[in-house]
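1. Fold the following, please.
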Amino acid sequence: MDTQLKTERQTAVDLESKLRKANEANYALHCTVDGLEAAVGEARAESEEQALTIKSLQQTIDKLVQDKLALFNKSLTLGEAMSQASKSTTGRWKSDSDVSACVRCAVQFSLTCRRHHCRVCGNIFCHECSDRHVSLSGSRKPERACIDCFTFLSLQKRDRSLVTGSTHGSSPVPPARAPSDSSSLNGSEP
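-> Residues are numbered from 1 along each chain as shown. Sure, this is the predicted structure:
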C-alpha cells in the first residue's frame, strides 16, 4: 500500500506540475492575444487615418486638375484672342518707320540697337526682347520670337503635354504663323 500511495502522490505532483505549466502557457497565450488585439486596433486606427489622408489628397488632386484645365482653357482663349488681334491688323509686319523704340522695353533704336521683327506676332523689338527662337511651319530653321510669344508658346506646349500626356499635337497659336505639330521651342540662338 505504501508503494501505491507513493505512486499516487508522485502522479499528483506530476499532474500539479503539468497543470502549473499549462496555466503559465495559457497566461502567455492570453498575453500574446491581448497584444495582437491591441496591434490590430492600432492598425485599424492607422488605416482609418490613412484613408482620410488619401481622401483629402484625392480632393486636392481633383481641385488641381480642375485648376489646370481651367488654366489650359484660358490659354486657348488667350491664343484665340491673340490670333483675332493679329488678323485685325492691316499688315503682317509693323513697318520699321512706325516704331522708334522696342515695343516691350521701350529702348530707343539706333545704329547700335537694331530693330528685330518677331516672326510670330510681327511686332518690332530690340535684340534683348527678341532673342528667343521657335520652330514655325513652313520654315526649316527656328525663327526669331519675342519673349512674350516664346513664353506663351512654351506654356501652351507644356500645358498641352500635361493635359494630353504627350508633347505632340496641334493647338491654336498666337498671330501670324502657327508652329508645326512637331514644333520645338528653343531659347538659344540657332
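2. Do you have the helices of the chain handy? List them.
-> All helices of the chain, identified by DSSP state H, fall at 2-88, 147-164.
3. So which bits of the shortest one are buried?
-> Spelled out, it's helix 147-164. Of all the residues in helix 147-164, those buried under the rule 16 or more other CB atoms under 10 Å are 147, 148, 149, 150, 152, 153, 154, 156, 157, 159, 160, 163. All C-beta spots, glycine's among them, are computed from the backbone N, C-alpha and C.
4. now that helix: mean pLDDT?
-> Helix 147-164 carries an average pLDDT of 78.
5. what helices or strands is it leaning on?
-> Under the contact definition 3 or more CB pairs under 8 Å, 6 or more residues apart in numbering; DSSP states H and E, helix 147-164 sits against helix 2-88, strand 132-134, strand 185-186.
6. tell me the mean pLDDT for the last one?
-> In this case it means strand 185-186. Mean pLDDT, computed over strand 185-186, is 44.
7. so what's residue 114 closest to, chain neighbours aside?
-> Closest residue in space to residue 114, ignoring its immediate chain neighbours: residue 127 at 6.6 Å, by CB to CB, 6 or more residues apart in numbering.
8. contacting residues for that neighbour?
-> Residue 127 is in contact with 113, 114, 116, counting by CB atoms under 8 Å, 6 or more residues apart in numbering.
9. what about the first one, neighbour count?
-> Residue 113: 13 surrounding residues under other CB atoms under 10 Å.
10. Surely it is in contact with residue 107?
-> Yes. Contact criterion CB atoms under 8 Å: residue 113 and residue 107 qualify, at 6.0 Å.
11. any shared contact partners between those two?
-> residue 126.
12. Now for the closest residue to residue 134 other than its chain neighbours, how many residues are close by?
-> Closest residue to residue 134 in three dimensions, ignoring its sequence neighbours and counting by CB to CB, 6+ apart: residue 145, at 4.7 Å. For residue 145, the count of nearby residues is 29 (other CB under 10 Å).
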